[in-house]
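**Q** This is a predicted model, with the sequence first.
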Amino acid sequence: MNKFGKILGLVVLLAAFSTLAAGEDRYAGMSSEKYAAAVENLLIGLKSDNLGLKTGCAYMLGELKATEAVVPLMAILRSDDREYCRTVAALALCRIGEARGVFAVKRAVKFDESESVQQKCAWFYEQYVSPGSYGFITEPVPVAFR
């Protein structure tokens, strides 16, 4: 990743964060106009080849619960070559909570090519969508590691 890509990613994320400052109590404390502008900018960043920008935008879209991002996030979850991108897309989809995206995460639990992505999708699904659905067991930490 070159220096320009890092700076561009930082500028887009700062622009999205700056919209959080003022507004109505709607859309995470933003006016509907600022929310729409933030989501539009984040959707543009989601198409970037810059890994940091792409995953940062995916994460923020999940935090904003932007239903407009469900289809692009599903595309990343299904076809991105990088496990990290698929994982962040799954997290965002679970945070948004829209039925199509949640279903895509549930399918990734069974069908993603990476066992790591499968496990993370299951954990996100359990944490944000349906607690107890995958039965994660928290084992006590061994005394040696306390």
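**A** It's in.
**Q** Secondary structure element holding the spatially most central residue of the chain?
**A** Of all residues in the chain, the one closest to the mean position by C-alpha atoms, centre = their mean is A92, 2.6 Å from it. Using DSSP states H and E, A92 falls within helix 83-96.
**Q** Only the buried residues of that helix, if you could.
**A** Within helix 83-96, the residues scored as buried using 16 or more other C-beta atoms under 10 Å are 85-96. For every residue, glycine as well, the C-beta is placed using N, CA and C.
**Q** same for that helix, what does it pack against?
**A** Applying 3 or more C-beta pairs under 8 Å, 6 or more residues apart in numbering; DSSP states H and E, one finds that helix 83-96 contacts helix 51-63, helix 70-79, helix 99-111, helix 115-128.
**Q** closest to L42 out of those?
**A** helix 51-63 (4.4 Å; C-beta to C-beta).
**Q** Counting by contacts, list what the closest one packs against.
**A** Secondary elements touching helix 51-63 (3+ C-beta pairs under 8 Å, 6+ apart): helix 3-18, helix 32-46, helix 70-79, helix 83-96.
**Q** Kindly recompute the last result at 6 Å.
**A** Counting contacts by 3 or more C-beta pairs under 6 Å, 6 or more residues apart in numbering; DSSP states H and E, helix 51-63 packs against helix 3-18, helix 32-46, helix 83-96.
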